[in-house]
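J.: A predicted structure for the sequence below; I have some questions about it.
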Amino acid sequence: MNYTIRNKRLSDDEFFKIRKEEVLPMWETGKQVENLDECIAAAKELSQVSLGAQGKRAALKLKDAKEKGTHVLIPQFGRALTEYMVDGLSYVEEHSELAPNGFWLIYSDSYTRKLNFKKAAEGIERSRQEGMSMLNGWPIVNFGVEEARRVMQATTVPLSFNSTDEDGRLASEIALAAGFDACYSRSLQEVIAHCKNIPLDEEIRINQYEQRLAGIYTENGVPICPWNPSNLTGYDSPGYRSFVCVSESLLAAEQGVKHQFIEHGQNMNMIQDIAMIRVTEKLCYEYCERFGYTDVNFYTGGFPFLGAWPPRAEEANAMIAWNAVITMMGGFPGVILKCQDEAFATPTKESMAMSVRLAHHLVTLMGTQKIADSEKLRLEEEMIEAEVRALMEKCLEAGDGDMAVGLCMGVDAGWIDTMLTPWKYNKGNVTVMRDAESAVRYYDSGNIPLPEEVKEYHRQKLSEREKKAGQLNFEMAVQDLQFASILKKK
Amino acid sequence: MNYTIRNKRLSDDEFFKIRKEEVLPMWETGKQVENLDECIAAAKELSQVSLGAQGKRAALKLKDAKEKGTHVLIPQFGRALTEYMVDGLSYVEEHSELAPNGFWLIYSDSYTRKLNFKKAAEGIERSRQEGMSMLNGWPIVNFGVEEARRVMQATTVPLSFNSTDEDGRLASEIALAAGFDACYSRSLQEVIAHCKNIPLDEEIRINQYEQRLAGIYTENGVPICPWNPSNLTGYDSPGYRSFVCVSESLLAAEQGVKHQFIEHGQNMNMIQDIAMIRVTEKLCYEYCERFGYTDVNFYTGGFPFLGAWPPRAEEANAMIAWNAVITMMGGFPGVILKCQDEAFATPTKESMAMSVRLAHHLVTLMGTQKIADSEKLRLEEEMIEAEVRALMEKCLEAGDGDMAVGLCMGVDAGWIDTMLTPWKYNKGNVTVMRDAESAVRYYDSGNIPLPEEVKEYHRQKLSEREKKAGQLNFEMAVQDLQFASILKKK
Amino acid sequence: MEKRQVNKSVVIGTIGADAHMIGGWVLRRAFEEAGFTVAFLGAVVPQHEFINAALEIDADAILVSSMYGMGLLDCEGLRDKCIEAGLKDIILYVGGTVAAPLELEKNWPEIERRFTAIGFNRAFPNTCTAKEAVQTLKVDLGID
Amino acid sequence: MEKRQVNKSVVIGTIGADAHMIGGWVLRRAFEEAGFTVAFLGAVVPQHEFINAALEIDADAILVSSMYGMGLLDCEGLRDKCIEAGLKDIILYVGGTVAAPLELEKNWPEIERRFTAIGFNRAFPNTCTAKEAVQTLKVDLGID
């Protein structure tokens, strides 16, 4: 196959051509951010309103926490109307210790994420009629930059906007112009997690624009911290998760991104999750260094389990706590929070405040306790690292040194693969299962170039479960999908 | 000083003399348990009513969990009236997964624990008048054995009765005759935790009776599992905690106790708590072996933090979760549970059910995950072990091989000592503080025979905090007492 | 009118802009195991694709999954489109986290009322297991 | 009647069968630091010991700690005993977890009403800090 995509920085000409022709015309509010210089100046102004020396900039909060070995709590919020946003953010900040050290992850609704702004407009209307949020997030594009600035002014901490799904470019433009962070670094992550039909090379092209946008703001004095998430489907090998993050760090770095919040969805095995995130950080630095991106800062974080959540508050609290404990024991500054509503609905302000209070007290109780170095942790790191290196090197070889090309080739050939995704280009020839200690292993590694020792390690780990639970089978993999959500009926 | 106490098994003559002259006459309900053979037969009958192969016997539940590497959840309950007890236990068992693997820790009220049965009777009356529980536990002695059997029959899991304070003999007699476990192994533990004026040798004498009672039931086919708790004041060196447990294991073993649930109040530093409990288990086996008690089974458990709890549900949930995580990561079968009401009141059935649900889901999520062996853990174990051995050997030397005598001498001389206790015989010349990772260290080790390397280790650990927080002082020790309970005002 | 013959076939997919596919994927396996023919459409499925698939396999039922909170909006009009396509009597189920507001999710009778009003036969909360869904459909089809 | 001279002295202890001593211990330090004379009685203190100590140091106030939920029962009659002992005007505070039932603890005005009814000047929930207790007593003594 032939790919036109390359991992190469967009020139100003290219960038502004795309901006004018593709991005701003997407919806009428695009006009409001036409003047990029003014937007950058406004963002600078809005985010310097500060509670501490770091202002309302996620990059600086994370940097500070990383240096001090402390933690940044990151709750999530998104409701259909701006007044719900203002009310919700203020409520949580007033009823918890989110400020001064935490920040927000802000979601738009899924219609916005799919660029269906007409349907988002209907949802806004419907929400007004019903007097409640009928959208699963805040339609930032429909509301435009002035409303976004209202939200920014309503909070005392930074706002990170989740620019997710196929095309977050216009949403990111508006978010950045309002002083938020945005511009997620995401291409393979995103198609696996949220897309169905878009080809990977097109997704990379779209994302290069967002990354370059973050680069331009950063170069002009507003340090943007795009998330480089590896959340994927919720059921992926840790090596695959880490690989996705490391590969995308190169794409972001090439576009001038200087701060990356590398966060992974956790599988809830403490040793494995910590090993995964540590390997990612190490290899992000190493591969960026190798390609000459020597001034990129990486901050690590843990995202709570992405599989199904249980439908009762106490069980959800157990998950909130265990996920936060893993992130903190790993020493990762960013602690992303879900809440009790996870199984039911878009988070309410009340539940989100409860979640922040719970996690904040864990920070108090745990202090600077970290997992101790051990043989077991080292072995787990080695195995993940070997998987990531194998994938990275195969990509770079296939792409002749170009990570963008390598990624596309790997997916098409099926040696980059994961189990379950809505995305039609993924082969889906691998199966993962939990081992006796609930770590995620390959039951079938399909065509992944998994080193033989890693294969053997996974086999051996699964055989420990086999000894306890009998012959493994595909049904067990299905049960594993629901292990944290299905509560026994009495 | 001269002590008449010896660590020597009570003869049947001695036992039954005490029983008749001291124990049964304490209160009118003593008559109900006069016939010990009948009591044992009834207990056998009542505790075989079984959900599983282990029946309603804590010893067998713990043994099974220890062998399988799983966990036994142990919530706490105690209300003024029997109907509240029946209702509360049933409620929790119905609304959580306590059965079939968990069991209950049952509290009597503090008047009962102080043998003030008249005041307990007033509290029962008052509770009836007010329509709510005006006592902080269930006055088992006032209610007598038939009511206790009603409670036993209302539950599907074993009941462990907390026979605490100066003299739990009559309460234990009644509890055992109703099929409960009881007969805590406690002498130094108890005077430090709950007493003011009683001399240690007298406390040991009283407790020998309870231990022998457990021994007699066990020898007659009802395996009793006394708790050997080391909860103490909530602010003690882990080495002291471990020492108290190990020393008392010998006193219990001498009286014929074959199952001991050795549990420690946790200080909430994961590595240190786990090291403490592991050292205790190892040394209990070792010292019992040395004195020829070769057939004693020890089961380990973690008791949630015994200092002050925070007055909000979310912060309490963080503590419930973090304490349970520590116990489970240590691989200790017994997970004792507090609940959200801890800061406010005697636990309600609703909050206790919530606590069981939270902990049960942690068991699901964590599976068989355990802390990995590490240098750090090994070092912590070594330091605690050195402290315990130093104290044990000094006791045995002073007591000429008799642990009971050695304990009394150590306390009187002040080389057995802890910081804060209502008990007047403790010297209180030691001060403990938390280090930079919240582990508990000696700020001043008073006259404890702490090996020089252990002293140096504690000093070094505290200096790490000093580097962060500035010159340590006594005020910090005071603040440490409240670190988990005081929430910042906004 | 003669009753259409039951041929044990269902269409399964996640509707609208919703990328959550695991619920549907688990359902698919449960129905296949129970002997059903399954057209599995994955996630992010527009209404017309459900209908096309139903026509293709002559489905007894369309099982709509929705996890992201906007199922109520996404499902409006599906019954009308079914009627237009000649699938007047096809059974429509919806399941998952079907409404964003917690006040709605916690008021399940209101959720059911709303889905009934737009022509759905049943709505299942996300605590429903795949087994229960199979069992319920069998009863509704009169084959149990 | 002449007003008794304030001499900045307090009795502190945990009442009844209650062995919790840390609250009182922290209070003691705070009051000593604020320049008070403190008679610290530790835990498990009967009513008459509070009164004897108050007589001995000519105390302005008796600060009763109770953490185990039976403070309400333990404190009844203390004011009467004070009056008998000639300590009619002595200030009585109680603080901690003073009632076992959650329904009472969560209804603080009712707790205060009950303690007022038995002659206490103030009741403090366990969220009260030692500093706040010192401050309040100073105000009540008119020395702030």
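T.: Okay, I see it. Bear in mind that the values here come from a model prediction, so they are computed numbers and not experimental data.
J.: What spatial separation is found between A:Gln189 and chain C?
T.: Separation of A:Gln189 from chain C (Cβ to the nearest Cβ, to the nearest Å): 12 Å. (C-beta placed from N, C-alpha, C; glycine too.)
J.: So the top helix by length along chain A, near chain B or not?
T.: Longest helix in chain A, counting residues (DSSP state H): helix A:375-398. Yes. Helix A:375-398 reaches chain B (Cβ under 8 Å from any Cβ of the partner chain) through A:Glu375, A:Lys376, A:Leu377.
J.: residues touching the nearest residue to the last one once chain neighbours are set aside, list them.
T.: Just to be clear, that refers to A:Leu377. Residue nearest to A:Leu377 in three dimensions, not counting chain neighbours: A:Ile271, with 5.5 Å by Cβ to Cβ, 6 or more residues apart in numbering or on different chains. A:Ile271 makes contact with A:Ile371, A:Lys376, A:Leu377, A:Glu380, A:Glu437, A:Ala439, B:Gln369, B:Ala372 under the criterion Cβ atoms under 8 Å, 6 or more residues apart in numbering or on different chains.
J.: quick check, nearest of those to A:Phe261?
T.: Of all the contacts of A:Ile271, A:Ile371 has the smallest distance to A:Phe261: 21.0 Å, by Cβ to Cβ.
J.: does that closest one sit in a helix, a strand or a coil?
T.: Assigned with DSSP: H, G, I helix; E, B strand; the rest coil, A:Ile371 falls in the coil class.
J.: Around it, how many other residues sit close by?
T.: When neighbours are counted by other Cβ atoms under 10 Å in any protein chain shown, A:Ile371 registers 22.
J.: got the angle for the longest helix of chain A vs helix B:375-398?
T.: Taking axes from the mean of the first three to the mean of the last three Cα atoms, to 10 degrees, one finds helix A:375-398 and helix B:375-398 inclined to each other by 180 degrees.
J.: Using CSV, write out the CA atom coordinates for helix A:375-398.
T.: Extracted in CSV, the C-alpha atoms of helix A:375-398 (Å, rounded to 0.1, in the frame of the first residue of the first chain):
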residue,chain,number,x,y,z
GLU,A,375,12.3,-8.5,41.0
LYS,A,376,8.7,-9.0,40.1
LEU,A,377,8.2,-5.4,39.0
ARG,A,378,11.4,-5.4,37.1
LEU,A,379,10.5,-8.6,35.2
GLU,A,380,7.1,-7.2,34.3
GLU,A,381,8.7,-4.0,33.0
GLU,A,382,11.2,-6.1,31.0
MET,A,383,8.4,-8.0,29.3
ILE,A,384,6.4,-5.0,28.5
GLU,A,385,9.5,-3.1,27.3
ALA,A,386,10.4,-6.0,25.0
GLU,A,387,6.9,-6.0,23.5
VAL,A,388,7.0,-2.2,22.9
ARG,A,389,10.4,-2.3,21.4
ALA,A,390,9.5,-5.1,19.1
LEU,A,391,6.5,-3.1,17.8
MET,A,392,8.4,0.2,17.6
GLU,A,393,11.3,-1.3,15.8
LYS,A,394,9.1,-3.1,13.3
CYS,A,395,7.2,0.1,12.6
LEU,A,396,10.3,2.1,12.1
GLU,A,397,11.8,-0.6,9.8
ALA,A,398,8.6,-0.9,7.8
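J.: which helices and strands does it pack with?
T.: Packing partners of helix A:375-398 (3 or more Cβ pairs under 8 Å, 6 or more residues apart in numbering or on different chains; DSSP states H and E): helix A:238-254, helix A:270-290, helix A:403-413, helix A:452-469.
J.: Of the ones you listed, flag the one that's most buried.
T.: Most buried of those, by mean neighbour count (mean count of other Cβ atoms under 10 Å in any protein chain shown): helix A:238-254, with a mean of 28.
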